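> this is a predicted model, with the sequence first.
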Amino acid sequence: MRGMDILYLLIPLSLVLVFVIAALFWWSLKTGQYEDLEGPGHRVLMDDDRTDALKNRSTVDSDQGATDDK
């Protein structure tokens with residue numbers, strides 16, 4: 001019955017793992033991780049692209065003004 005000896009390790013280990021997962025889930029609920037599920041999706045769609053365009057326009061391209069000498 002050497003195969004049964006592993007159960008003395010696996011059962012308490014699995015119980016500890018369940019309690020750790022439950023504690024992490026409880027912590028995430030208490031800190032408001034699931035409060036706004038739709039907000040990040042709306043922020044991606046409604047971001048201000050004009051500031052990115054101004055940043056890109058102010059930088060100089062590395063091949064800008066290069067001539068093609070073939």
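Noted; the coordinates are in hand. Residues are numbered from 1 along each chain as shown.
> quick check: what element follows the longest helix along the chain along the chain?
Counting residues, the longest helix in the chain under DSSP state H turns out to be helix 7-30. Using DSSP states H and E, the helix or strand that follows helix 7-30 in sequence is helix 39-45.
> low-confidence regions, this structure specifically.
Applying pLDDT under 70 to the chain flags residues 1, 47-70.
> just the buried positions in the longest helix of the chain, please.
Within helix 7-30, no residue counts as buried by 16 or more other CB atoms under 10 Å. Using the backbone N, CA and C atoms, a C-beta is placed for each residue, glycine as well.
> by contact count, what packs against it?
Helices and strands in packing contact with helix 7-30 are not found; criterion 3 or more CB pairs under 8 Å, 6 or more residues apart in numbering; DSSP states H and E.
> now what about it, what contacts it?
Residues outside helix 7-30 that contact it (CB atoms under 8 Å, 6 or more residues apart in numbering) are Tyr34.
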